[in-house]
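**Student:** Below is the sequence, then the predicted model.
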Amino acid sequence: MTNLLIRLFLKQDESKPLNREKYGRLAGIVGIICNIFLSIAKFIIGSLAHSVSITADATNNITDAGSSVVTLIGFRLSEKPADEDHPYGHARIEYITGLIVSFLIILIGYDSLKSAVDKILNPEDIKFSYAAVIVLILSIAIKLWLSSFNNTLGKKIKSKALSATAADSRNDCISTGAVLVSTLVSHYTDINLDGYIGAFVGLFIIYSGISLVRETVGPLLGQAPSKEMYEKIEKEILSYENVLGIHDLMVHSYGPDSYFASAHIEMDARLDVLICHEIMDTIERDFLSKFNIHLVVHLDPTVLDCEETNNLKELVRDILYDIDPIITFHDFRVVFGDKTKNVLFDVVVPPKYKYTDFELTEIIKNRINIAGNGNLYAVIVIDKSYGNLKSEEE
């Protein structure tokens, strides 16, 4: 069914990138239709059977339908082109719509929990019907398919919003399964679990909403892209001729498949500056055409033909490795004086590290000073590494 819907409504030109808005529209429309149908059926059955757990599950389906509406609007707005007020585009709207859906889910879960607690305190007999059982089983089947459907579309366009919707549908299967168990247990054992199962469903809805909040807030707060993306960028840049290393890579996401990045690349200081500039321009153009990444690169000339500089670089490398193998460095250079030498470099440490910047700087300075018999003075800048990148100087 999924492939049939894709073929019917998402005719794709292989020479063009996937149209996110069309995929989001299809997911939203299918979600609205399925959830409204399930909600109406459950409300009718739940009201006739006096089952708060079934009506709570029906309310959950209305929330899911509302979520699909918001998703539909969000995908449409996120495709708006960049303008003067939003030079990086509107793709982050997809995350904002996901956040709205998450809060809506939490609110509905709270209301369902209140109704369930009232039912626990004031229980009513449940009227069993095979129609209710059939509707619940049908709901589980439809939700399983919806989960697979949204997961397939989400993978195609790398959408966290659709992946979260798929996870929500899987969660619905669990809550609806619990309601089905409650209905059957109440009928065959005369044990009324309706209020307790309704409370479970309400808590589960709240938990799902909180989980979705965490997933959508991260990108809005500037969550770091995956390690795989950093490694892909690093590997691609290092594949260009005359590029010796890369460091200070920073990647910013302004929505799914909307990335802006900057990096420092190391080249032999003896290379003509025009040749370096041509290589850098080529890298930037290639990244935009190949990966749709707006990359800006900065040149760091590296001295390779000075033996004393290379010896001092080896000394610093050994000192840093002895302090902690995780430490790396780059931008190494030496300023030679009459009696002393200044070694200048940047040290790269993880965002959370056992030493403060000041403590680490003092440790390194003291070790270098001792190794140079008082004739070496270190000028150090501490960098934070978010991509675990390696440079030529490691």
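**Tutor:** Nice, thanks for sending it over.
**Student:** just the helices in the stretch 1-150 of the chain please.
**Tutor:** Ranges of helices within the stretch 1-150 of the chain are 2-9, 20-49, 52-78, 93-121, 130-157, based on DSSP state H, counting those that start in this stretch.
**Student:** Can you pull out the low-pLDDT segments for the protein?
**Tutor:** For the chain, residues meeting the criterion pLDDT under 70 lie at 11-18, 53, 126-127, 386-394.
**Student:** center of it, which residue is that?
**Tutor:** residue 219 (6.0 Å; Cα atoms, centre = their mean).
**Student:** Leaving out sequence neighbours, find the closest residue to that residue.
**Tutor:** residue 95 (4.9 Å; Cβ to Cβ, 6 or more residues apart in numbering). Quick note: C-beta positions are derived from backbone N, CA and C, even for glycine.
**Student:** give the contact list for that neighbour.
**Tutor:** 160-161, 216, 219-220, 255 (Cβ atoms under 8 Å, 6 or more residues apart in numbering).
**Student:** ok, residue 182 touching residue 199?
**Tutor:** No: assessed by Cβ atoms under 8 Å, residue 182 is found out of contact with residue 199, at 10.8 Å.
**Student:** which one of these two has more residues nearby?
**Tutor:** Neighbour totals were compared for residue 182 and residue 199, and residue 182 leads with 26 against 21 (other Cβ atoms under 10 Å).
**Student:** what's in contact with the host helix or strand of residue 283?
**Tutor:** Assigned by DSSP states H and E, residue 283 belongs to helix 273-291. Outside helix 273-291, the residues within contact range by Cβ under 8 Å, 6+ apart are 232-233, 236-237, 240-243, 259, 261, 265, 267, 293-297, 299, 301.
**Student:** what comes up buried for that helix?
**Tutor:** 276, 279-280, 283-284, 286-287, 291 (16 or more other Cβ atoms under 10 Å).
**Student:** What is the nearest of these to residue 46?
**Tutor:** Using Cβ to Cβ, residue 291 comes nearest to residue 46 of these, at 50.0 Å.
**Student:** Contacts only, for residue 303.
**Tutor:** Taking Cβ under 8 Å, 6+ apart as the test, what residue 303 contacts is 269, 309, 333.
**Student:** What are the phi and psi values at the last one?
**Tutor:** Translated: residue 333. phi -150, psi 160 (degrees, to the nearest 10).
**Student:** Also the second one?
**Tutor:** Here is the backbone geometry of residue 309 (degrees, to the nearest 10): phi -60, psi -40.
**Student:** Run a quick neighbour tally on the nearest residue to residue 363 once chain neighbours are set aside.
**Tutor:** Using Cβ to Cβ, 6+ apart and skipping the chain neighbours, the partner closest in space to residue 363 is residue 323 (6.3 Å). Applying other Cβ under 10 Å, we find 15 residues neighbouring residue 323.
**Student:** For residue 323, give me its contacts.
**Tutor:** Contacts of residue 323 (Cβ under 8 Å, 6+ apart): 360, 363-364, 367.
**Student:** Most neighbours of all those residues, which one?
**Tutor:** Neighbour counts for the contacts of residue 323 (other Cβ under 10 Å) peak at residue 364, which has 22 neighbours.
**Student:** mind checking the SS state of that residue?
**Tutor:** What DSSP: H, G, I helix; E, B strand; the rest coil gives for residue 364 is helix.
**Student:** wait, what's in contact with it?
**Tutor:** Counting by Cβ under 8 Å, 6+ apart, the residues that residue 364 touches are 319-320, 323, 347, 378, 380.
**Student:** Out of those residues, name the ones that lie in strands.
**Tutor:** If you go by DSSP state E, these have 347, 378, 380 in strands.
**Student:** thought the second one was touching residue 365?
**Tutor:** The reference is to residue 378. Yes: counting by Cβ under 8 Å, residue 378 does reach residue 365; the two are 4.8 Å apart.
**Student:** out of the two, which sits in the more crowded spot?
**Tutor:** Per other Cβ under 10 Å, whichever of residue 378 and residue 365 has more neighbours is residue 378, with 20 against 16.
**Student:** Quickly list what the more buried one is bridged to.
**Tutor:** Note on residue 378: beta-bridge partners by DSSP bridges are residue 343.
**Student:** Against residue 268, how distant is it?
**Tutor:** Residue 378 is 24 Å from residue 268, where distance means Cβ to Cβ, to the nearest Å.
**Student:** In contact with the closest residue in space to residue 158 that isn't next to it in sequence, which residues are there?
**Tutor:** Nearest residue to residue 158, sequence neighbours excluded (Cβ to Cβ, 6+ apart): residue 256, at 5.8 Å. For residue 256, the contact set (Cβ under 8 Å, 6+ apart) comprises 20, 91, 94, 157-160.
**Student:** For residue 256, give its distance to residue 217.
**Tutor:** 15 Å.
**Student:** what does residue 319 give?
**Tutor:** Residue 319 is 41 Å from residue 217, by Cβ to Cβ.
**Student:** The two: who's more crowded?
**Tutor:** Each of residue 319 and residue 217 had its neighbours counted (other Cβ under 10 Å), and the higher figure belongs to residue 319 (19 against 14).
**Student:** Isn't the more buried one up against residue 366?
**Tutor:** No: in this structure residue 319 lies outside contact range of residue 366 using Cβ under 8 Å: 10.0 Å.
**Student:** So what sits opposite the spatially closest residue to residue 385 that is not a sequence neighbour in the bridge?
**Tutor:** Excluding the flanking residues, the one nearest residue 385 by Cβ to Cβ, 6+ apart is residue 348, at 4.6 Å. When bridges are called by DSSP bridges, residue 348 pairs up with residue 328, residue 383.
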